[in-house]
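> task: produce atomic coordinates for the following.
(chains A and B, ligands or ions: 2)
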2 protein chains.
Amino acid sequence: MAKKVQTAITPTRTEDYPQWYQQVVKASDMAESSPVRGCMVIKPWGYALWENIQKSMDAKFKKTGVRNAYFPLFIPLSFLEKEAEHVEGFAKECAVVTHHRLEAGPEGGLVPAGELAEPLIVRPTSETIIGDSFAKWITSYRDLPVLINQWANVVRWEMRTRTFLRTSEFLWQEGHTAHATSEEAISRTEQMLEVYANFAEEYLAMPVIRGRKSDSERFPGAVDTLCIEAMMQDRKALQAGTSHFLGQNFAKGSGITFQSADEKEEYAWTTSWGTSTRLIGGMIMTHGDDDGVIMPPRIAPAHIVLLPIFRKPEEKEAVLAYTRKLAEELSQVTYHGRAIEVEVDEREIGGARGWDWIKKGIPVRAEIGPRDMKEDSVFMARRDLSPKEKRGVKREELLATLPAILDEIQQTLFDRALAHREANTRPMDDKEAFYAWFTPENEEKPEIHGGFALSHWCGDGDCEEKIKTDLKVTIRCIPFEGEEEEGTCICCGKPSKKRVIFAKAY
Amino acid sequence: MAKKVQTAITPTRTEDYPQWYQQVVKASDMAESSPVRGCMVIKPWGYALWENIQKSMDAKFKKTGVRNAYFPLFIPLSFLEKEAEHVEGFAKECAVVTHHRLEAGPEGGLVPAGELAEPLIVRPTSETIIGDSFAKWITSYRDLPVLINQWANVVRWEMRTRTFLRTSEFLWQEGHTAHATSEEAISRTEQMLEVYANFAEEYLAMPVIRGRKSDSERFPGAVDTLCIEAMMQDRKALQAGTSHFLGQNFAKGSGITFQSADEKEEYAWTTSWGTSTRLIGGMIMTHGDDDGVIMPPRIAPAHIVLLPIFRKPEEKEAVLAYTRKLAEELSQVTYHGRAIEVEVDEREIGGARGWDWIKKGIPVRAEIGPRDMKEDSVFMARRDLSPKEKRGVKREELLATLPAILDEIQQTLFDRALAHREANTRPMDDKEAFYAWFTPENEEKPEIHGGFALSHWCGDGDCEEKIKTDLKVTIRCIPFEGEEEEGTCICCGKPSKKRVIFAKAY
Ligand SMILES: [Zn+2]
Ligand SMILES: [Zn+2]
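Ligands and ions are numbered 1, 2, ... in the order given. Now for the predicted structure:
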C-alpha cells in the first residue's frame, strides 16, 4: 500500500466530504458559527472575499443600468398574507418580531413588552416590500423600466445549517425590475442570468450550466425560473444563481400598474434575481483540495503573501526591510484593474506560518530568507501546485510576471473544474444504470458517487417526483444548450424530446 | 416690501426649518417613508450617496489596519441581560423576535408560531455579540490588537422619526477594537475620531468641532466618549460621529482576556466607534438651500448632468449624439481618483427637468442646444451659484476645467458652512443673555435662534441638567481646542477652568 500523503486537512475529500468541508472552512479562518442558532460570523478573510464578489458583481449590474437602493428589513405580516393567498409553497419559516421593548421582568432579567398591533417579519426576500414601492414609483410607461438592486441580509429559519451553504441569516443581493412589456422583462431575466454565469466563470473560475427549472423547482409565483448550476467536487450540483421572470403575478399582488403609451391601464411585467454568500460555499467546494481552500486570484482577498525568514537576530532587520520594500513595490502592480493585494506575515512561528496561508488559499506565497535577499530573489510557491513545488524567482521577474502567474492560476482552476464536470457528466438512457449510478455503496456514509446525468424526461411531474423520492436526485435544469432529439423518459419510458440534467444537489 | 424670490422648496428655511427639511428630502428623491413604522426606503439617488460615503470612509479605515467582518443580526436576550446588569441607561426600545414560523390562523391569515425558547433582539448595536467573538479570538497578547469594522443595519425602536435623522432602522458602520494596553486603546479612540473629522470636513464639506462628551452624555458603559459636532443651518448641533474608549468594562462583560507577555491573565482594552446614515441628514442641513439639496462634489452620486435641448425634431438626433459623445468624454476625466460621473437626462419635459436636478443637488448642470452645439460649447450652471447664473463654456474648456470647478464648489460649501458656524458661535458669560439667546420669540413654532455658546461650566451634572430642563440646551462637547482659562459657571457661578459648547441639538 502506498504511503499516505500528509494533508493539512483531515479528513480528506474522499474520506468524508461533508466533514472535509467543515474543516476547510474552519482552517481557512473565513467564518465560524455564532451563539445565535443558525447564524454565522463572517471573519475578515471570508468577508474580504464577499466584498470582492460584491464589487465585481455590482459593477456588472451597474453597467446594465441597474441602480442600488435599500428597503426596510421588516415586512408587515399583512404583506405576506397577501402573497400567501396566491403563492403556493410560500416559505413560512421566518423570524417574527412581535414586541418593540424590553422591560425588567418580575423575577429579574428582561422580558419582551410593547406588543405590536401587527407582527413584523424579518425579510426572507423583498418582493412584497419592494413591490409596494414600485406601485408608488410607477404611474406611466415613461417611468419604465425600473431597475433596482439591493445588497442586504435576509433571514430564513433553518433547522440544519452549514456555514455559507445554508444559514438562517445570510447576505445576498436581490435585483427587482419592472417593465412595460413581457418581452422586455424576459430579456432582462436572461440578461441577468448571463451576468451571473459570466461572473461565476470569469471570477469564481466556476464553470456553470445555464438552464431553466422544471415546474416543481420554479420560484413560487414565478412564470419562469432560470438558473446556473455548478458541479462540486463530490459531484453534487450547487445552484449558483437564479433569475426569475415573474410575469404580471407580483405586479397584480402589489398593484404595480402603469398607463401605457396608448393610455391604457396595464400591469407591469417584473423580474427578480439573486445570488448570496452561498457562492462562497460553492467556490470552496469547487476548488478546495486536501490542504484547504484555493482562492481564484480574481476575487482572492489578497494575491500574495510574503514570508520573511531569518535565523539569526542580526539578519532580521535587513530581511524585514527587504520584504516590506518588496510589498510596497508589488502593491504598485495592477491586476485586472485592481492593485495587487499583498500580505506580509512577520510572525515568528516556524513552519505553521506557511501552512496557514495554504489553508487560507492565497494564490501565491513567497519566502524571503537572507540568501534569497542576497540574490535579489524570492522562493515562490503557487497554491494550484503541490506545496513542495517552489522555485527561486528574481525580484524583477516576480514584479513583471505576477499578473500573468495569477491569470494562469485562475485558468488552471477553471480548467480543472471543467474537466471534473465533464468527467462526471454522462448521457444516461438506461434506468437501471441510472439508479445504480446514483446509489452509493455505503448507504450510511455515502462515498462520492454519481454526477450529472443527461437523461430524457417526459415532462411529467410524477416521474420527477418518483426519482426524487427513490434517489434524492432532482432535475437541476433543462439546459439551454443541447439539440432536441428523440428519446424516452428515463423513468417511465414515454417519448421525450430533450435531455435534462439530473443530479443530487446542495 | 421686497418681491419674494421664487424658490423650488416651500416653505423656505426661515419660514419653517423642520418642514423645509422634509420637503427637501422629498424633492431630492433620495428617500421616502415606508409602510413599516419608522423605517425608510433609501432610493437610488440617496443610496448612491451612501455608497460613496461608505467607499471613502472604508478606504480610510483600511489604511489604519481595520478589516471588515460580519456578525449576526440577532442578539440572544441573555447577552443584553448581562449588559443591562452593569450598564445603566441601557436602551430598551428594540425589535424582539419571539417566533420562527408563520402558520395559517384559525380564521384565515397567518399567525406567529414556533415560539423561541429565548427571544432574540434585532441588534441595536453589536458590542455584546462582537465581544463574544473577541473572547474566542483572543488568547494571547500576540493576537492583539484586533481591529474590526462592520457595515450593517441596526434597529432602535423610535416613536418620532425623521428621514435620515432618526429612523427605527438605519444603516451604519460600527468599529470594534481590542488592545493590550489602555494607552493603545485610547490612541485608537482618538485616531478614529480624527478619521471621522477628516472625512466630515474633506468629503462632506462639513466643518466639525472635536471634543469629548460630559459624563451624562457619554455612551453607557464607556469610560470616555469623543465626538465631532457640526452646526446645522438652524444653528442646532448634529453629532456626526462618536468614538468610545470602553476601558475594560466591555471586556469584563464579554470575558475578553489575554495572556500578557509576562504571562499574566489580563482583560483587554476595547474601543468602539460609529457613524450612520444620519450623516446624510447632516449633509442636507449643512448645505441645502431654498432650492433643495446641494451635494458636495467629492461624495455626490453624480457630478454633472447634461441636458440636451431641441425644439425641432430635425435637431434632435444631432443634439443627442453630441450630448452622448460629450458624456463619454467627460467620464474619461478623473476627479480625486474617481471617474467623473455623468448623468444624461433626455426626458422631454421642459423646464421641470433642470429644476429636478437643482433639487437633487447635482454640482454642475450643462444645457446643450443646437446653437451651443454649433459653437462646440455648453451652457453651464453651478449648484453653489444662483440658478439663473449660467455661462457658455467651450467643450474643451469644460473637459479641462471640470475637476477644478468641482473642487471650487467643494471649497465654497465648506467655507460657507464654516462662516455660518463662526457667525453663530459666541463666548457667553452672562446667564441672562445665555437664556435669552436660547429662548425663541415664538414658543409655539420656534424661529431659527441661538447657536453654539462657548460658556464656562463648573463640571457639575446638576447645572447641566438645569440648563437642559430650562432650555433644551445640552453640552455638545468639551472641545479639544481652546486654552484653559479662569471663569465662572454659566449656571451656578462657581469657578471653572474651561469653556464648553452649549447648544440645542438633533
Ligand atoms: Zn416520464
Ligand atoms: Zn455650575
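> any idea how far residue A:454 lies from residue A:437?
12 Å (Cβ to Cβ, to the nearest Å). The C-beta positions use only the backbone N, C-alpha and C, and glycine is treated the same way.
> swap in residue A:486?
23 Å.
> what does residue A:128 give?
From residue A:128 across to residue A:437, the span is 42 Å (Cβ to Cβ).
> the two: which has the busier surroundings?
Shown here are residue A:128 and residue A:437; by other Cβ atoms under 10 Å in any protein chain shown, residue A:128 has more neighbours (22 against 18).
> in a helix, that one, correct?
Yes - Residue A:128 forms part of a helix when assessed by DSSP: H, G, I helix; E, B strand; the rest coil.
> in chain A, which strand is the longest?
Counting by DSSP state E, the longest strand found in chain A is strand A:110-122.
> burial measure for the closest residue to chain B within the stretch 251-400 of chain A, as a count.
Nearest residue of the stretch 251-400 of chain A to chain B, counting by Cβ to the nearest Cβ: residue A:347, 7.6 Å away. As a burial measure, residue A:347 scores 11 neighbours (other Cβ under 10 Å).
> one more: the one 3 residues further on?
When counting by other Cβ under 10 Å, one arrives at 9 neighbours for residue A:350.
> is it true that residue A:249 touches residue A:222?
Yes - applying Cβ atoms under 8 Å, one finds residue A:249 in contact with residue A:222, separated by 7.5 Å.
> pull the residues that contact stretch A:366-379.
Applying Cβ atoms under 8 Å, 6 or more residues apart in numbering or on different chains, the contact partners of stretch A:366-379 are A:304-310, A:315, A:318-319, A:322-323, A:326, A:354, A:380-381, A:390-396, A:398.
> any idea of the mean pLDDT for that stretch?
For stretch A:366-379, mean pLDDT is 96.
> start to end distance for it?
5 Å (Cα to Cα, to the nearest Å).
> list the buried residues in it.
A:366, A:367, A:368, A:369, A:370, A:372, A:373, A:377, A:378, A:379 (16 or more other Cβ atoms under 10 Å in any protein chain shown).
> partner strands of the helix or strand containing the first one, with direction?
When elements are defined using DSSP states H and E, residue A:366 is found to belong to strand A:364-368. Sheet pairing here is set by DSSP bridges, and for strand A:364-368 it gives strand A:304-308 (parallel), strand A:377-382 (antiparallel).
> the residue most central in space within chain A: what secondary structure?
Geometric centre of chain A, nearest residue: residue A:279, 0.9 Å, by Cα atoms, centre = their mean. Three-state call for residue A:279 (three-state DSSP): helix.
> likewise residue A:99?
Recorded secondary structure, residue A:99: strand (three-state DSSP).
> just confirm residue A:270 is within a helix.
No - Residue A:270: not assigned to a helix; according to three-state DSSP it is strand.
> can you report how many residues lie near it?
Neighbours of residue A:270 (other Cβ under 10 Å): 30.
> mind listing what whichever residue of the stretch 251-400 of chain A sits closest to ligand 2 touches?
Of all residues in the stretch 251-400 of chain A, residue A:346 sits closest to ligand 2, at 52.9 Å by Cβ to the ion. Counting by Cβ under 8 Å, 6+ apart, residue A:346 touches A:308, A:320, A:323.
> let's see that with 7 Å instead.
The neighbours of residue A:346, taking Cβ atoms under 7 Å, 6 or more residues apart in numbering or on different chains as the test, are A:308, A:320.
> report the inter-axis angle for the longest strand of chain A versus strand B:110-122.
Counting by axes from the mean of the first three to the mean of the last three Cα atoms, to 10 degrees, strand A:110-122 lies at 120 degrees to strand B:110-122.
> so what does strand A:110-122 touch, helix or strand wise?
Under the contact criterion of 3 or more Cβ pairs under 7 Å, 6 or more residues apart in numbering or on different chains; DSSP states H and E, strand A:110-122 touches strand A:74-76, helix A:77-86, strand A:96-104, helix B:77-86, strand B:96-104.
> export the ones you listed to a markdown table and tack on mean neighbour count, mean pLDDT and distance to ligand 1?
Output for the helices and strands packed on strand A:110-122, formatted as a markdown table (neighbours: other Cβ atoms under 10 Å in any protein chain shown; pLDDT from 0 to 100; distance: least, Cβ to the ion, whole Å):
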| stretch | mean neighbour count | mean pLDDT | distance to ligand 1 |
| --- | --- | --- | --- |
| strand A:74-76 | 24 | 97 | 39 |
| helix A:77-86 | 18 | 81 | 29 |
| strand A:96-104 | 20 | 94 | 41 |
| helix B:77-86 | 18 | 81 | 52 |
| strand B:96-104 | 21 | 94 | 33 |
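> any chance of those in JSON lines, plus distance to residue B:501?
Formatted as JSON lines, these follow (distance: least, Cβ to Cβ, whole Å):
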{"stretch": "strand A:74-76", "distance to residue B:501": "37"}
{"stretch": "helix A:77-86", "distance to residue B:501": "45"}
{"stretch": "strand A:96-104", "distance to residue B:501": "33"}
{"stretch": "helix B:77-86", "distance to residue B:501": "30"}
{"stretch": "strand B:96-104", "distance to residue B:501": "37"}
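> so is the helix-or-strand element of chain A with minimal mean pLDDT next to chain B?
Across the helices and strands of chain A, mean confidence by mean pLDDT, DSSP states H and E is lowest for helix A:77-86: a mean of 81. Yes - remark: helix A:77-86 sits within contact range of chain B at A:77, A:80, A:81, A:84, by Cβ under 7 Å from any Cβ of the partner chain.
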